[in-house]
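In: Here is a sequence together with a model predicted from it:
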Amino acid sequence: MFINQKPPPSAMLITSFQLHSVISTAYSQAARKFLAVPSEKWEKKAILRSSASSNCFSGGILKMEVKICSSNEGCCTSQVNNGDLPLPVAFLEFLEENGLDPSIYSLAESIPRYIRVKPEFESDIGGIEFELNCKLEKVIWLPSFYSIPPHIQIASSQSYQLGKIYGMDAASGAAVLALNVLPGDHVLDLCAAPGAKLCMLCDMLSGTGSLTGVDVARHRLAACRTMLQKYSIGDVCRLFVCDGTSFSVLPFRSKYETAGTDPEVSEVKFAEWTDRKSRKEKRRERRARERNYSKPNPEPELLFYGRNSGVAGLSKSELFRPIKDDEPCSSGYDKVLVDAECTHDGSIKHIQKFESWGWKTLQRRVLDAERTDDLFNLQSRLLTNGFKLLKTGGTLVYSTCSLTIAQNEDVIERFLCLNPSAELQEVDVADKWPCKPGRIPKTLRFDPTTSQTSGLFIAKISKLP
Ligand SMILES: C[S@@+](CC[C@H](N)C(=O)[O-])C[C@H]1O[C@@H](n2cnc3c(N)ncnc32)[C@H](O)[C@@H]1O
């Protein structure tokens with residue numbers, strides 16, 4: 001935000017307070033305040049212009065022109081704007097309430113797009129550049145990531161359709177890298193859809209260990225399944241539609257885990273996964289889903305499983321067997337990613353989408369106080385359950401694409417207080433990353449201006465014995 005024309009010196013004196021409040025307050029509030037402050041000596045007029053008045057609710061003001069008049073020195077006009085950022089007023093107010101400086105979005109428009117090139121195709125960068133008709137700039141701090149100009153579309157390219165590349169923000173890549181996944185690990189992605197991080201996790205496992213993706217939204221998880229199949233990387237994957245706050249299926253490690261099921265009871269075993277299902281089967285599945293909806297704690301719905309995921313050959317009761325209280329500590333997941341649902345305020349591109357979705361939707365989904373309180377509870381419960389399913393000595397990464405303290409540091413702080421076996425860890429590779437420390441030591445924040453990525457918060461936690 002800046003003032004591009006200075007008022008005369010004497011006017012400066014009287015207006016400095018009001019101009020300061022303009023700078024630190026969202027525009028509509030500032031304008032109201034400016035007009036409301038009484039002054040005997042000065043006549044104040046605010047000429048408010050909204051460059052997108054039809055879209056911005058509550059009298060959205062993206063630019064404010066202030067006319068300051070003095071009886072003896074005449075008038076001058078000052079223009080205050082936000083550096084031409086298309087931030088709606090209500091969003092600016094939300095940022096202020098959350099102590100966030102709007103200037104972190106000042107370069108958001110010029111942030112490049114990022115793609116991840118599957119490591120085995122990195123030798124063909126020239127071919128991919130030729131096809132996309134642009135230069136791929138290597139992201140020096142993040143292996144296999146490249147930036148491309150923001151206008152380049154990749155979805156229609158062969159490289160994308162053949163699964164050589166996929167779009168993924170560099171900060172999201174950093175969150176996955178922070179998990180330090182090793183071949184053979186059993187990994188849980190508790191909020192997996194639409195699946196960019198899931199795909200990267202698959203690549204890192206390269207057909208070893210196992211990967212379990214969970215999401216509460218069936219249609220979004222179906223998109224993950226499509227991606228895994230398109231890229232042929234879902235061999236060790238299982239996908240469950242389930243509420244991540246109550247999900248309780250442990251990784252399948254070995255046959256001994258099925259001990260305890262009654263050999264006398266013969267149950268149907270899962271066959272190899274196939275997309276081809278008879279109408280009868282599809283109808284049966286739909287009915288089961290409908291029945292499930294009305295249950296308070298519905299059983300997870302298995303949406304996909306790869307050939308080496310350990311599911312084929314198990315019976316339903318083996319897969320969904322109840323777990324004992326302390327069992328996850330020894331046979332839980334080695335790595336858990338909780339990329340929690342949030343207000344997405346770190347991604348200005350996401351916020352701008354509300355221009356077509358409607359600002360009322362922004363109010364409801366992002367700014368509404370009740371919604372943010374609910375999110376805090378959801379995020380805390382997802383983190384708590386993710387940690388419960390983590391093996392002792394394992395690592396959990398909590399991330400959100402919100403930059404508010406309430407959805408990040410507050411969630412972590414409360415969680416650490418309630419879980420003495422949880423310990424925050426340094427992300428060791430982060431010293432080369434273009435991020436800042438969060439409010440709690442060892443946590444990290446990517447903001448658009450500093451990192452040239454979308455906004456993201458990352459906390460890495462380990463489980464002590
Ligand atoms: C930030 S997105 C995850 C992005 C994903 N990790 C990726 O890289 O593509 C958050 C996801 O959490 C899911 N979600 C919301 N509430 C949930 C819950 N209670 N349990 C599991 N998933 C939930 C949403 O459906 C959404 O897909």
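Out: Happy to help now that I have it. Numbering: from 1, shown residues only.

In: Please make it C-alpha for all contacts and neighbour counts, starting now.
Out: OK.

In: Skip the chain neighbours and tell me the closest residue to the residue most central in space within the chain.
Out: The residue at the geometric middle of the chain, judged as the C-alpha nearest the mean C-alpha position with C-alpha atoms, centre = their mean, is Cys401 (3.8 Å). In space, Cys401 comes closest to Leu456 once its chain neighbours are excluded; the distance is 4.4 Å by C-alpha to C-alpha, 6 or more residues apart in numbering.

In: Looking at strand pairing, list the partners for the one you found.
Out: Going by DSSP bridges, Leu456 is paired in beta bridges with Phe446.

In: Do I have it right that it meets Thr443?
Out: No: taking contacts as C-alpha atoms under 8 Å, Leu456 lies outside contact range of Thr443: 10.8 Å.

In: higher neighbour count, these two?
Out: Leu456 (27 against 23; other C-alpha atoms under 10 Å).

In: residues in contact with the more buried one?
Out: With C-alpha atoms under 8 Å, 6 or more residues apart in numbering as the criterion, the residues that contact Leu456 are 171-172, 346, 399-403, 445-447.

In: Now flag whichever of these is closest to Pro465.
Out: Ranking the contacts of Leu456 by separation from Pro465, with C-alpha to C-alpha as the measure, puts Ser399 on top at 23.6 Å.

In: For the helix or strand that closest one falls within, which strands pair with it and how are they oriented?
Out: Using DSSP states H and E, Ser399 sits within strand 390-400. Take DSSP bridges as the rule and strand 390-400 pairs in its sheet with strand 333-339 (parallel), strand 456-463 (antiparallel).

In: quick one: Gly209 from Tyr333, how far?
Out: To Tyr333, Gly209 is 10 Å away according to C-alpha to C-alpha, to the nearest Å.

In: Between the two, which is the more surrounded one?
Out: The residue with the greater number of neighbours, taking Gly209 and Tyr333 and applying other C-alpha under 10 Å, is Tyr333; the counts read 30 against 22.

In: what sits in contact with each of Gly209 and Tyr333?
Out: Jointly contacting Gly209 and Tyr333 under the rule C-alpha under 8 Å, 6+ apart are 185-187.

In: among these, who's most crowded?
Out: Val187 (30 neighbours).

In: So that residue belongs to a strand, correct?
Out: Yes: secondary structure assignment (DSSP: H, G, I helix; E, B strand; the rest coil) places Val187 inside a strand.

In: That one is in contact with Ser331, isn't it?
Out: No: contact status for Val187 versus Ser331: not in contact, 12.0 Å apart, counting by C-alpha under 8 Å.

In: Leaving out the residues flanking it, which one is nearest to Ser159?
Out: Distances taken as C-alpha to C-alpha, 6+ apart put Ile165 closest to Ser159, at 5.9 Å, once the chain neighbours are dropped.

In: May I ask you to confirm that that neighbour is in contact with Glu122?
Out: No: no contact is recorded between Ile165 and Glu122 when judged using C-alpha under 8 Å, the distance being 9.5 Å.
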